[in-house]
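[1] here's my sequence, what's the structure:
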Amino acid sequence: MESTAPGGTPVPAGPPHGAPTDGAVPGDWAAAYPAGYPVVESDRLTRFVQRAHARTPRWVVPLAAVGCVAAGIGYTLLSDPTRSAPDALPTCLLKLTTGLDCPGCGGTRALWYVLHADLPAAARHHFLFVFALPFLAYLFVAWAGRQAFGWRLPELRIGPKLIGGFLAAWLAFSVVRNLPWPPFTALYV
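    Numbering: from 1, shown residues only. All right, here's what the predicted structure looks like:
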C-alpha cells in the first residue's frame, strides 16, 4: 500500500528492500514513521508557509529580530521610564496588585540608563539585567551572524546547570529586593 507525501510523491508503506528495519532510513523522511502509517496531505496554508520558508533569504529572520530589539529600544528612549510622576500607578500588574517588585521590575529603567551610559544607575535598578546584557548581546550577534552570513563565532557553553543557577540567582534577587530591612531596602525600585 502506498500513500503520497506532500507534493504528490508516492511513499512506500515500509522501508525499501535491504534497508535497515530499525525505523531510520537515511534520506527518506517517511521512514521515521512506522510501516503503514498514513501520511496526510498538507493543507494549502501549510504548503504556502513551507514554500515561503524555502524561498526566504537567510538574513530575513535576524533582520526581523533586530527590528524587534530596535522597537524595544526606541520605546524605551521615547517613553523615558525614569520620569514618571510620583503618584502614577505602576504599569506592572504584580506591583499594582501586591506592591511587590516583580522579577523584571526596573528592567526598562535599567535599559534606559544603559543606553545613556550610566551603568551604576542601571545596576541600581536591575543588577542582573545589566550583568546578563553583554552575554545576551553576544549570543544574539553570534546567532544572527551565523544565520545571515554564515559566521562561526566562538560559542558560549551555556548548559542547564548554568541556566538553573542564573534562574536561582534571579529568584533570590527577586525575593531579597522586596525585604523591608536595610541593606535590602537599597534594592527597592
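
[2] contacts, neighbours, all on C-alpha from now
    Noted.

[3] for the protein, which helix is longest?
    helix 127-149 (DSSP state H).

[4] so the very next helix or strand once past it versus helix 127-149, what angle?
    Reading on from helix 127-149 to the C-terminus, the next helix or strand found by DSSP states H and E is helix 160-176. Compare the direction of helix 160-176 with that of helix 127-149 by axes from the mean of the first three to the mean of the last three CA atoms, to 10 degrees and you get 140 degrees.

[5] so how far is helix 160-176 off the chain centroid?
    Remark: helix 160-176 is offset 17 Å from the chain centroid, using CA atoms, centre = their mean, to the nearest Å.

[6] other SSEs contacting it?
    If you count contacts as 3 or more CA pairs under 8 Å, 6 or more residues apart in numbering; DSSP states H and E, helix 160-176 packs onto no helix or strand.

[7] how about that helix: buried residues?
    Residues of helix 160-176 classed as buried by neighbour count (16 or more other CA atoms under 10 Å): 170, 173, 174, 176.

[8] if we can go back for a sec, ok now the longest helix of the chain, how far from the chain's centre?
    11 Å.

[9] which strands and helices sit next to it?
    helix 60-79, helix 107-115, helix 119-125.

[10] send me the helix or strand residue 49 falls within as CSV with only the CA atoms.
    Using DSSP H and E, residue 49 falls within helix 44-55. The C-alpha trace of helix 44-55 is given here as CSV (Å, rounded to 0.1, in the frame of the first residue of the first chain):
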residue,chain,number,x,y,z
ARG,A,44,-2.9,24.9,1.5
LEU,A,45,-1.7,27.1,4.3
THR,A,46,1.0,24.6,5.3
ARG,A,47,2.2,24.3,1.7
PHE,A,48,2.2,28.1,1.4
VAL,A,49,4.3,28.5,4.6
GLN,A,50,6.7,25.8,3.5
ARG,A,51,7.2,27.4,0.1
ALA,A,52,7.7,30.9,1.7
HIS,A,53,10.2,29.4,4.2
ALA,A,54,12.1,27.7,1.3
ARG,A,55,12.2,31.0,-0.7
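
[11] cheers, nothing more for now.
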